[in-house]
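> Provide a 3D model corresponding to the input given below.
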Amino acid sequence: MTLLFDPQLPIVAATTEGRGFPVRRLFCIGRNYAAHAREMGKDPGREPPFFFTKWAETVVPSGATIAYPAETQNFHYEAELVVAVGKAGSSIQPAEARDHVYGYATGLDMTRRDLQLEARDKGRPWDTGKNVEQSAPLGLIHPASEVGHLRRGRIALTVNGEVKQDADLAELIWDVPETVAYVSRFYQLEPGDLIYTGTPAGVGPVKEGDTIVVSIAGLSDCSIVIGPAARD
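Predicted coordinates:
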């Protein structure tokens with residue numbers, strides 16, 4: 001059988017081991033820091049977590065220049081700890097969740113905030129605000145065998161050198177094992193899946209020319225530059 005067009009090559013993230021990590025799916029946890037929930041106008045109580053998805057094609061490596069996307073006037077940064085899944089599983093128990101983690105990375109969930117809030121207020125899906133080309137920058141993935149399983153440590157973001165987000169991973173409402181276990185109730189997790197675990201307070205807009213750097217204690221930084229708006 002001949003194909004109508006050549007299939008897209010898989011997105012492969014870099015690891016500190018020098019081996020590629022083929023990206024499969026992205027699961028992104030919403031409002032997982034209490035202070036961020038408050039700044040978004042929501043109760044930070046410990047209700048069950050929720051998540052949305054992004055295509056693998058949204059992943060870009062640290063050091064990339066990403067285009068300011070179309071159809072938004074309010075493009076926001078969100079610093080995140082990213083969990084890279086290395087072992088398949090469904091209905092995973094929290095006590096066993098770390099066995100399914102290959103490693104950890106710094107990341108960004110870039111968001112068309114105006115479109116997200118418009119969709120939220122109308123009770124519609126968030127796809128146009130969240131599942132956006134180049135919206136999931138990703139730093140080097142560090143194997144858990146190298147850095148351990150992260151429970152605490154500073155997570156921070158700067159824009160042009162100015163600190164905008166500054167928190168600790170210990171402030172996660174749902175920690176990594178709980179998050180992995182929860183997502184696995186709804187989908188069988190597979191090697192190559194990434195879980196973006198949520199962002200601290202301090203989210204805000206960017207403009208063309210801005211340099212954004214995410215740092216998490218023990219991991220490599222993730223940095224991007226906001227380039228000119230995408231055009232046809």
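
> how about R98, what does it touch?
A144, H149, V176, P177, V180 (CB atoms under 8 Å, 6 or more residues apart in numbering). (Glycine included, C-beta is placed from N, CA and C.)

> Next, count neighbours for the last one.
For V180, the tally of surrounding residues (other CB atoms under 10 Å) stands at 27.

> ok, longest helix in this protein?
When the chain is parsed with DSSP state H, its longest helix is helix 176-186.

> contact partners of that helix?
Here helix 176-186 makes contact (CB under 8 Å, 6+ apart) with 27, 29, 32, 48-49, 51, 81, 83, 85, 89-95, 97-98, 100-101, 149-151, 172, 174, 189, 195, 197.

> Could I have the buried ones of the contacts of R98 as ChimeraX selection syntax?
If you want just the buried ones from the contacts of R98 in ChimeraX, going by 16 or more other CB atoms under 10 Å, the selection is:
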select :144,176,177,180
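
> Bridged to A14, which residues?
Note on A14: beta-bridge partners G20, judged by DSSP bridges.

> what's the pLDDT at it?
pLDDT recorded at A14 is 97.

> swap in H100?
pLDDT, H100: 98.

> Let me see the contact set for it.
Taking CB under 8 Å, 6+ apart as the contact definition, H100 lies against V85, G86, K87, A88, G89, I92, V180, S184, L189.

> thinking again about what came up before, make TSV from the contacts of R98 and add pLDDT to it.
Output for those, formatted as TSV (pLDDT from 0 to 100):
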residue	pLDDT
A144	98
H149	96
V176	97
P177	97
V180	98
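
> Show me where this protein has its helices.
Counting by DSSP H, the chain has helices at residues 34-39, 113-121, 127-130, 144-147, 176-186.

> can you tell which of those is closest to S223?
Closest to S223 of the helices of the chain is helix 144-147 (CB to CB; 19.1 Å).

> Give me the buried positions along that closest one.
Buried residues in helix 144-147 (16+ other CB under 10 Å): A144, V147.

> Please name every helix or strand in contact with it.
Judged by 3 or more CB pairs under 8 Å, 6 or more residues apart in numbering; DSSP states H and E, the packing partners of helix 144-147 are strand 101-108.

> what would the helices of the chain look like in a markdown table with distance to D168?
A markdown table is the format used below for the helices of the chain (distance: least, CB to CB, whole Å):
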| stretch | distance to D168 |
| --- | --- |
| helix 34-39 | 11 |
| helix 113-121 | 24 |
| helix 127-130 | 25 |
| helix 144-147 | 16 |
| helix 176-186 | 14 |
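
> Run the chain-centre distance for stretch 198-212.
Mean C-alpha position of stretch 198-212 versus that of the full chain (CA atoms, centre = their mean, to the nearest Å) differs by 13 Å.

> and if you look at stretch 12-25?
Counting by CA atoms, centre = their mean, stretch 12-25 comes out at 15 Å from the chain centroid.
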